[in-house]
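Chemist: could you work out the structure for the sequence below:
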Amino acid sequence: MKEALAREVDSRFPLKITRKDGEVMIRYFRGFADAQHAILLISESSFTLALRILEIKDIRTLEYARENTGGQWKVVHLR
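Modeler: Here you go, the predicted structure:
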């Protein structure tokens with residue numbers, strides 16, 4: 001999952017994050033806290049810097065869109 005996310009840093013498209021507790025969040029991915037850990041820096045809008053952190057271990061699925069995909073979301077499941 002970390003490798004897939006690395007390509008999405010600073011994307012203008014949001015991530016749909018489903019946490020293991022079932023909470024769904026729409027956030028923008030800004031990067032990783034450091035190179036050693038899978039801790040995401042996320043923001044609530046595409047115009048703000050990272051406001052919160054979220055560990056990948058707390059995530060069940062991620063969905064994200066890319067340009068020229070016709071609005072289709074790519075789904076990444078954490079195992």
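
Chemist: and for the closest residue in space to residue 14 that isn't next to it in sequence, the neighbour number?
Modeler: Among residues not flanking residue 14 along the chain, residue 26 sits closest, at 5.0 Å (C-beta to C-beta, 6 or more residues apart in numbering). For the C-beta atoms, the positions are set from N, CA and C on the backbone; glycine is no exception. Burial of residue 26 is recorded as 11 neighbouring residues (other C-beta atoms under 10 Å).

Chemist: so where's this protein shaky on pLDDT?
Modeler: Across the chain, the ranges flagged by pLDDT under 70 are 50, 66-67, 69, 71, 78-79.

Chemist: which stretches of it form strands?
Modeler: For the chain, the strands defined by DSSP state E occupy 15-19, 24-32, 39-43, 52-55, 59-65, 73-77.

Chemist: turn those into CSV, including distance to residue 5.
Modeler: Putting the strands of the chain into CSV (distance: least, C-beta to C-beta, whole Å) gives the following:
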stretch, distance to residue 5
strand 15-19, 8
strand 24-32, 6
strand 39-43, 7
strand 52-55, 11
strand 59-65, 7
strand 73-77, 8
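
Chemist: what sits against the closest residue in space to residue 75 that isn't next to it in sequence?
Modeler: Residue nearest to residue 75 in three dimensions, not counting chain neighbours: residue 63, with 5.1 Å by C-beta to C-beta, 6+ apart. Taking C-beta atoms under 8 Å, 6 or more residues apart in numbering, we find residue 63 in contact with 15, 16, 18, 73, 74, 75, 76.

Chemist: still on that earlier bit, and of the strands of the chain, who's closest to residue 6?
Modeler: Residue 6 lies closest, by C-beta to C-beta, to one member of the strands of the chain: strand 24-32, at 7.8 Å.
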